[in-house]
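Peer 1: my questions are about this predicted structure, shown below with the sequence.
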Amino acid sequence: MSARYYWISFIVVLVLTVAISWLRQTRTKKEFFTIMAAVAAGLVVIGLLIAGLAKLLEALGIAQSGF
């Protein structure tokens, strides 16, 4: 996997974290990093759900493998 994808993922997490922190008006570093961890965990969960859905559709014969 190219380093470009890691940078894009980092930028997405950072932008979402800054936006949520600004909306919630967080002040401390602990709150900021808590939000960053929640955003990163949320993106991992979304990715796993998409991969799981792809596997389910493959198992049911609706989609082909190779995702």
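Peer 2: Received it, and whenever you're ready, just let me know what you need. Everything numeric here is computed off the predicted structure, so don't read it as measured data.
Peer 1: for the strand or helix carrying residue 8, give me every contacting residue.
Peer 2: Under the criterion DSSP states H and E, the helix or strand holding residue 8 is helix 3-24. The contact list for helix 3-24, computed with C-beta atoms under 8 Å, 6 or more residues apart in numbering, reads 31, 32, 35, 36, 39, 40, 43. Every C-beta, even on glycine, is put in place using the N, C-alpha and C of the backbone.
Peer 1: okay, those in TSV with secondary structure and pLDDT next?
Peer 2: Below are the contacts of helix 3-24 laid out as TSV (DSSP: H, G, I helix; E, B strand; the rest coil; pLDDT from 0 to 100):
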residue	secondary structure	pLDDT
31	helix	94
32	helix	93
35	helix	94
36	helix	94
39	helix	95
40	helix	94
43	helix	94
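Peer 1: can you flag the buried ones in these?
Peer 2: Using 16 or more other C-beta atoms under 10 Å as the burial test, these include 32, 35, 36, 39, 40 as buried.
Peer 1: and the two most separated of these?
Peer 2: The distance between the two most remote of those (C-beta to C-beta) is 12.7 Å, for 32 and 40.
Peer 1: quick one: the residue most central in space within the chain and residue 10, what's the gap?
Peer 2: Central residue of the chain (C-alpha atoms, centre = their mean): residue 43, 1.6 Å from the mean position. Distance, residue 43 to residue 10, using C-beta to C-beta, to the nearest Å: 11 Å.
Peer 1: picking that back up, now the helix holding residue 8: buried residues?
Peer 2: Neighbour counts over helix 3-24 (16+ other C-beta under 10 Å) mark 13, 16, 17, 21 as buried.
Peer 1: what about it, average pLDDT?
Peer 2: Helix 3-24 carries an average pLDDT of 93.
Peer 1: start the count at 124 instead of 1 going forward.
Peer 2: Sounds good: first residue 124 from here, last item helix 126-147.
Peer 1: quick one: that helix to chain centroid distance?
Peer 2: Helix 126-147 sits 9 Å away from the centroid of its parent chain (C-alpha atoms, centre = their mean, to the nearest Å).
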